[in-house]
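Enquirer: Just the structure for this:
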Amino acid sequence: AKEGGGIKVDQGVLGVETSGLININIASLSELDKLPGIGPVYAQKITEHRPYSNIEELLSRGVLSKSTYEKIKNSISLYWWNT
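Expert: A predicted model of the protein is given here:
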């Protein structure tokens, strides 16, 4: 990973970072669907509310219930990159 202007820049494959966490800003529907408690409906909601600046926005935007968020919070991440 490189640092650029305070923004973490990683190069991963699809939504999977080298750390093994799923990046909620770029993961595919099928990748999101593999997370515990996330089915096609929640996966679609996650993608519709992108981009996220922090993972807690899944709660504050009403995308996930607290119990579902608790199941996935240690399996997800996000990062930004410069284009």
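
Enquirer: what's the neighbour count on the closest residue to Lys73 other than its chain neighbours?
Expert: In this structure, Lys73 finds its nearest non-sequential neighbour in Ile55, 6.4 Å apart by CB to CB, 6 or more residues apart in numbering. All C-beta spots, glycine's among them, are computed from the backbone N, C-alpha and C. If you count neighbours by other CB atoms under 10 Å, Ile55 ends up with 18.

Enquirer: can you check Ser75 too?
Expert: Number of residues near Ser75 (other CB under 10 Å) recorded here: 14.

Enquirer: Enumerate every residue touching it.
Expert: Going by CB atoms under 8 Å, 6 or more residues apart in numbering, Ser75 touches Leu21, Ile22, Leu35, Pro36.

Enquirer: Have a look at this protein and report its longest helix.
Expert: The helix that spans the most residues within the chain, counting by DSSP state H, is helix 40-48.

Enquirer: For that helix, give me every contacting residue.
Expert: With CB under 8 Å, 6+ apart as the test, helix 40-48 has contacts from Ile24, Ala27, Leu29, Ser30, Leu32, Asp33, Ile38, Leu58, Val63, Leu64, Thr68.

Enquirer: Would you map the strands across the chain?
Expert: Along the chain, counting by DSSP state E, strands occupy 2-4, 7-9, 22-23, 76-77.
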